[in-house]
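Visitor: From the sequence below, what's the structure:
(one chain, ligands or ions: 1)
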Amino acid sequence: MNLEKIMEKISEKLSKAGIELSQKEKEETLAKLKLLIHEFKIPEKEAVRTILNHIARNHNISNISEKMVFDSPEVKLDSLENEKRVTVKAKVIQLWDSESPSISQVGLIGDETGTAKFVIWKKSEKPKVQEGKCYLFKNVVADSFNGRKQIKVTKTSEIIEIDEEIETPKREIEVIGAMVHIQKNSGLIARCPKCKRVVSKGVCTEHGKVKGKPDLRIKAIIDDGASVYEVVLNEENITHLTGIDLNKAIKMAKKTLDRSIVLAELKKKLLGRYYRVKGTIAGRYLLVSEINHFEDVEAILNFLPTEVRE
Ligand SMILES: [Zn+2]
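Guide: Now for the predicted structure:
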């Protein structure tokens, strides 16, 4: 970066922190930067740190990190390291249900080298990302959770949509296995009409009280005896396997005034049976492109799932 550019960044970041430099201060700071870097041959980062400390003292605030001025290095997802601030260029592969009200969005991103979970904290006040779009996630924190790599978007991060296609590694696989578990937030669910989040008791964690739009989905575990895969089935998959579509599910729930009847019925029809699932692997998820009943008993005997839960 040239010094004018660094200076621009410094005043931009300070302005965000509520400090407006006067023209005079800007000129003086630039002159100091030139002196430190060109005359005294001090490395850029150190020079910027010195300058920021000086400004912080003059404005009676605690120190400002020089990390705010320099973007963190861009890395590929397969070389994420814990506790590092990094920049990654990745595609949003899948959005998941937010696990907590402090999370704005959570899901899976991918680049040419692999995938990672991402978490965007609500406090970071970032615009929403969309499935299938590519972004530059600048200055995010890399760490791991339960042995899985993830990045976290905080207030000092930036998310910039980019007009570029990123090819994520497509690991097409076919699995034959039993559906051994269906999660409780499955069946007839309601989604927020604004953000499509699953609403609980009529409340969206983002938009408060909303009139939820009904939808059918199943989150399940498929076990092929060697591995377990998490799958999400949409209305089309569910209708194909059970004959129950959204309208029918709504009718069932209305008749009994109880939506859990739908989940109970789907469990009865789906659990413990065998399926041939085609899809791509993303982390622990198998993104379903096709799912069919599998009735070949001989072949099934070769696949012994570990244990049928529920
Ligand atoms: Zn919402």
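Visitor: remind me which residues of the stretch 1-150 of the chain are low pLDDT?
Guide: Applying pLDDT under 70 to the stretch 1-150 of the chain picks out residues 1, 17, 62-69, 99.
Visitor: For the stretch 101-250 of the chain, which residues are neighbours of the ion?
Guide: Within the stretch 101-250 of the chain, the positions lying close to the ion (Cβ under 5 Å from the ion) are 192, 194-195, 197, 204, 206-207. Placement of C-beta: from N, CA and C, glycine included.
Visitor: Export those residues as TSV, with columns for distance to Phe118 and pLDDT.
Guide: What follows is these, written out as TSV (distance: Cβ to Cβ, whole Å; pLDDT from 0 to 100):
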residue	distance to Phe118	pLDDT
Cys192	20	91
Lys194	21	87
Cys195	17	84
Arg197	16	85
Cys204	20	89
Glu206	17	83
His207	21	88
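Visitor: And those, which is closest to Ser157?
Guide: For these, the residue nearest Ser157 by Cβ to Cβ is Glu206; the value is 18.9 Å.
Visitor: Regarding that closest one, which helix or strand does it belong to?
Guide: For Glu206, there is no host helix or strand (DSSP states H and E).
Visitor: Surely it touches Lys196?
Guide: No. Look at Glu206 against Lys196 with Cβ atoms under 8 Å: they stay out of range, at 10.3 Å.
Visitor: Looking at those two now, which is surrounded by more residues?
Guide: More crowded of Glu206 and Lys196, by other Cβ atoms under 10 Å: Glu206, with 18 against 14.
Visitor: For that one, which non-adjacent residue is closest in space?
Guide: Cys195 (5.4 Å; Cβ to Cβ, 6 or more residues apart in numbering).
Visitor: same check, this time on Leu3
Guide: Nearest non-adjacent residue to Leu3 (Cβ to Cβ, 6+ apart): Leu33, at 5.3 Å.
Visitor: Just say helix, strand or coil for the one you found.
Guide: Of the three states, Leu33 takes helix according to DSSP: H, G, I helix; E, B strand; the rest coil.
Visitor: swap in Arg49?
Guide: Taking three-state DSSP, the label given to Arg49 is helix.
Visitor: Tell me the bridge partners for the closest residue to Glu295 other than its chain neighbours.
Guide: Leaving aside its chain neighbours, Glu295 sits nearest to Tyr274 (7.4 Å; criterion: Cβ to Cβ, 6+ apart). With DSSP bridges as the criterion, Tyr274 is bridged to Ala178.
Visitor: Would you mind giving me the confidence score for Tyr274?
Guide: What the model reports for Tyr274 is a pLDDT of 93.
Visitor: Just confirm it contacts Ile222, I think it does.
Guide: No. Look at Tyr274 against Ile222 with Cβ under 8 Å: they stay out of range, at 9.3 Å.
Visitor: residues shared between the contacts of these two?
Guide: Counting by Cβ atoms under 8 Å, 6 or more residues apart in numbering, the contacts common to Tyr274 and Ile222 are 177-178.
Visitor: So these two - more neighbours on which side?
Guide: Per other Cβ under 10 Å, whichever of Tyr274 and Ile222 has more neighbours is Ile222, with 24 against 20.
Visitor: my guess is the more buried one contacts His181, does it?
Guide: No. If you go by Cβ under 8 Å, Ile222 and His181 don't touch, sitting 9.1 Å apart.
Visitor: sorry, back to before: quick check: the residue nearest to Glu206 touching Lys128?
Guide: Yes. Counting by Cβ under 8 Å, Cys195 touches Lys128, with 7.2 Å between them.
Visitor: and these two? which has more neighbours close in?
Guide: Legend: neighbour count by other Cβ under 10 Å for Cys195 and Lys128, higher for Cys195 (17 against 11).
Visitor: list the contacts for the more buried one?
Guide: Cys195 touches 128, 204, 206-207, counting by Cβ under 8 Å, 6+ apart.
Visitor: ok, now Glu167?
Guide: The contact partners of Glu167, taken as Cβ under 8 Å, 6+ apart, are Glu112.
Visitor: tell me which residues of the helix or strand harbouring Val277 are tucked away?
Guide: Counting by DSSP H and E, the element that carries Val277 is strand 274-282. Of the residues in strand 274-282, 274-277, 279-282 count as buried by neighbour count, 16 or more other Cβ atoms under 10 Å.
Visitor: Repeat that for stretch 234-247.
Guide: 235, 237-239, 241-242, 244.
Visitor: Using the three-state scheme, assign the closest residue to Thr156 other than its chain neighbours.
Guide: Computed as Cβ to Cβ, 6+ apart, the closest residue to Thr156 that is not its neighbour in sequence is Asn139, at 5.7 Å. Classification of Asn139 using three-state DSSP returns strand.
Visitor: Redo the residues of the stretch 101-250 of the chain next to the ion as JSON lines? Include secondary structure.
Guide: Output for these, formatted as JSON lines (three-state DSSP):
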{"residue": "Cys192", "secondary structure": "coil"}
{"residue": "Lys194", "secondary structure": "coil"}
{"residue": "Cys195", "secondary structure": "coil"}
{"residue": "Arg197", "secondary structure": "coil"}
{"residue": "Cys204", "secondary structure": "strand"}
{"residue": "Glu206", "secondary structure": "coil"}
{"residue": "His207", "secondary structure": "coil"}
